[in-house]
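Undergrad: Quick check, what structure comes out for this input:
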Amino acid sequence: MAITMYHACVPVFLQLLGGVKGTLEKAEAQAKARKWDESVFLNWRLYPDMFPFARQIRQASEHALAAGRAAGVEVPKLPDLDTSLAEMHARIDKTIDFLKSLRPEQLDGRENAEVTVTVGGQPRTFRAQAYLYHFAMPNFYFHITTAYNILRHLGIEIGKRDFMGQMPG
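TA: Residues are numbered from 1 along each chain as shown. From the prediction side, this is the model:
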């Protein structure tokens with residue numbers, strides 16, 4: 001079977017968002033046991049010029065929604081800011097639910113469709129395949145990995161298996 005745009009991105013987004021959901025649940029439990037205010041890790045960053053944890057998750061979610069943009073379907077409008085763990089959980093759940101609603105026939109065959117997104121405050125137009133493979137997916141991996149690294153830096157006891165989530169069958 002040929003690898004299609006749908007199969008190259010949607011299952012991967014779902015797997016790693018499931019992983020981040022699990023790491024967030026573990027982080028929440030460990031933070032509660034340590035009596036941390038949730039804002040401690042929502043606002044933690046690895047370096048002053050990097051996005052904090054909550055923004056890393058938000059960016060990963062936005063880049064996962066690229067599958068819908070490339071498919072030409074309306075993506076869910078999510079808040080511009082998550083100020084609590086409950087809001088972050090809701091964001092991840094809505095992103096997962098949206099991705100699960102996509103069907104291969106909505107995305108496959110649209111490799112050359114134009115997708116325009118705002119990047120750095122400016123509109124930028126991509127071919128759908130280039131947008132997914134060379135912009136959205138690398139950004140998704142970057143932000144999901146950075147979120148994981150922030151939690152590890154804080155001493156949250158998670159590992160690679162947590163990051164990877166459940167692999168599709």
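Undergrad: any idea how far residue 5 is from residue 120?
TA: According to CB to CB, to the nearest Å, residue 5 and residue 120 sit 25 Å apart. All C-beta spots, glycine's among them, are computed from the backbone N, C-alpha and C.
Undergrad: out of the two, which sits in the busier spot?
TA: Neighbours per residue, other CB atoms under 10 Å: of residue 5 and residue 120, the larger number sits with residue 5, 21 against 5.
Undergrad: Would you list the phi and psi of the closest residue to that one other than its chain neighbours?
TA: Leaving aside its sequence neighbours, residue 5 sits nearest to residue 107 (CB to CB, 6 or more residues apart in numbering; 5.0 Å). Main-chain dihedrals, residue 107, degrees, to the nearest 10: phi -110, psi -40.
Undergrad: ok so residue 125 is a strand residue?
TA: Yes - the assignment for residue 125 is a strand, going by DSSP: H, G, I helix; E, B strand; the rest coil.
Undergrad: Give me the neighbour count for it.
TA: Neighbour number of residue 125 under other CB under 10 Å is 9.
Undergrad: quick one: it and residue 75, what's the gap?
TA: 17 Å.
Undergrad: same check, this time on residue 26
TA: Taking CB to CB as the measure, residue 26 falls 28 Å from residue 75.
Undergrad: Would you mind telling me which of the two has the busier surroundings?
TA: Neighbour totals were compared for residue 26 and residue 75, and residue 75 leads with 18 against 15 (other CB under 10 Å).
Undergrad: Do I have it right that that one meets residue 97?
TA: No - in this structure residue 75 lies outside contact range of residue 97 using CB atoms under 8 Å: 11.7 Å.
Undergrad: wait, what's in contact with residue 30?
TA: Residue 30 makes contact with 156-157, according to CB atoms under 8 Å, 6 or more residues apart in numbering.
Undergrad: Surely it is within a helix?
TA: Yes - under the criterion used here (three-state DSSP), residue 30 sits inside a helix.
Undergrad: Give me the pLDDT for it.
TA: At residue 30, the model reports a pLDDT of 92.
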